[in-house]
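Peer 1: Fold the following, please.
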Amino acid sequence: MHLRASGEFRHVYAHGKRYDGRLMTAFVCLNERAHHRFGITASRKATGDAVERNRAKRLLREMFRLSSPALESLNQKYDWVFNARRSLLEVKLAAPLEEFQKIVARVARDEK
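Peer 2: From the prediction side, this is the model:
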């Protein structure tokens, strides 16, 4: 369920569609698998020290996990790469979850 290799990330960046939000940037690329996969980046420049990067990654992982019903409503399966922004560290889980729901709705509109 995770993107791990740098080549997988590069493929999503090169061939996927970019969705910008206030808390994160999502890159979405169609995959040929039976499930969605995701990867997370939280750079030192964007989020700060290791503690902050780890918190940003935890928030994004939990957001993806809680969004599985919305993801299943999509007609196709995708690879997702999330880039954390500094503003993500200033909010609780509800805000990134809400923003991700909006991104999923935009992906669903783009499917049609």
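Peer 1: per-residue confidence at the nearest residue to residue 63 once chain neighbours are set aside?
Peer 2: Closest residue to residue 63 apart from its sequence neighbours, by CB to CB, 6 or more residues apart in numbering: residue 96 at 4.6 Å. All C-beta atoms are positioned from the backbone trio N, CA, C, and that covers glycine. Looking at residue 96, its pLDDT is 96.
Peer 1: doesn't residue 96 fall inside a helix?
Peer 2: Yes - using DSSP: H, G, I helix; E, B strand; the rest coil, the assignment for residue 96 is a helix.
Peer 1: Could you shift the numbering so residue one becomes 40, and keep it that way?
Peer 2: In the new numbering, first residue 40, that becomes residue 135.
Peer 1: How about the contacts made by it?
Peer 2: Residues in contact with residue 135 (CB atoms under 8 Å, 6 or more residues apart in numbering) are 62, 63, 98, 99, 102, 127.
Peer 1: Would you check how far apart it and residue 51 are?
Peer 2: 19 Å (CB to CB, to the nearest Å).
Peer 1: Tell me the one of the contacts of residue 135 nearest residue 46?
Peer 2: residue 99 (20.9 Å; CB to CB).
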